[in-house]
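> Kindly return the folded structure for what I paste below:
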Amino acid sequence: MDMDSVYSLGPTVLGLISALAIAGYCWNRMRIASLAILLWIGAAILIGQFPIFPNRYEKHAADWIPFLTFGTLAFAPSALLLIAALRVDKAKTAMADIPSSVLVMTQAYRIGGIFLIMAYLRGDLPAEIGLVSGVLDVLVAISAIALAFYLRRSESRSPRLVIAWAVLSLMDFGWATLMKFASFFGFLELSPAPMMLGNPPLLIISLFALPFGIFISVYVIIRSRKSAGPSATSASPAHTRSPSSSAP
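Below you'll find the predicted structure:
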């Protein structure tokens, strides 16, 4: 298979393999989550075949609607997943049963940053995104695998290390998002403009890998903070108890 075919098909194939693995893991734990992930990746693959931005390398004033569409598709799923994981009882229970090592390991698919690097080398993305975000993605993927194996010995160990990894993961997304916004609003002149993030073959990354990665990173931070924070609750009753409360 030549490099053009790898670049054209790679993001879709990697997204599909990742979604199938995640759905398979969730099948006996929360079947509705498995079905939702399969429907999500199916929709992402279908939508990902059509360009959101008709101009591949330049931004235009008429791109407002595509820009808002792209932002909604890329970030709204993260918010919906977080609301479900933190507010819906069945989802909260299912998520609580998933080991931290497994949550971290899901981000191994960030090895797809290789396709951003390829896009930069082909002239489809500027260095600020294709090279910087691509390298950060690969770094997050490799560190996710190493951290997941480290956590397997004790899932609750080193919560601050897990938080640091998740912050790095979010910084990667934040950098790419900042560059995208800065370019669109004219604060930075990137060449080429990063329109290809909203066009095939890279669009599948923005529709599935990006929002799922944001969800996992934020959720892992919330979970790990509970383990990393001082256990003040155990000491507070002794300090707050009034003299009268000790009387029989």
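
> show me where pLDDT drops low in this protein?
56-57, 59-62, 229-248 (pLDDT under 70).

> Can you name the residues that contact the residue nearest the centre of it?
For the chain, the residue whose C-alpha lies nearest the mean C-alpha position (C-alpha atoms, centre = their mean) is residue 213; its distance is 1.2 Å. Taking C-beta atoms under 8 Å, 6 or more residues apart in numbering as the criterion, residue 213 is in contact with 107, 110, 169, 173. Bear in mind the C-beta positions are built from the backbone N, C-alpha and C, glycine included.

> Just the closest of those residues to residue 88, please.
Distance to residue 88, by C-beta to C-beta, is smallest for residue 107 among these, at 23.0 Å.

> Contacts only, for that closest one.
140-141, 144, 169, 213, 216-217.

> 6 Å instead?
residue 144 (C-beta atoms under 6 Å, 6 or more residues apart in numbering).

> can you check residue 103 too?
So residue 103 contacts 216, 220 (C-beta under 6 Å, 6+ apart).

> For the helix or strand hosting residue 94, what is the distance to the chain centroid?
For residue 94, the host element (DSSP states H and E) is helix 89-96. Relative to its chain's centre, helix 89-96 lies at 19 Å (C-alpha atoms, centre = their mean, to the nearest Å).

> elements contacting that helix?
Identification of packing neighbours for helix 89-96 by 3 or more C-beta pairs under 6 Å, 6 or more residues apart in numbering; DSSP states H and E yields helix 64-87.

> Against which helices or strands is the helix it packs on packed?
helix 89-96, helix 210-228.

> Return the set of buried residues in it.
By 16 or more other C-beta atoms under 10 Å, the buried positions in helix 64-87 come out as 66-67, 70-71, 73-75, 77-78, 81, 84-85.

> How about stretch 25-36?
Buried, per 16+ other C-beta under 10 Å, within stretch 25-36: 25-26, 30, 33-34, 36.
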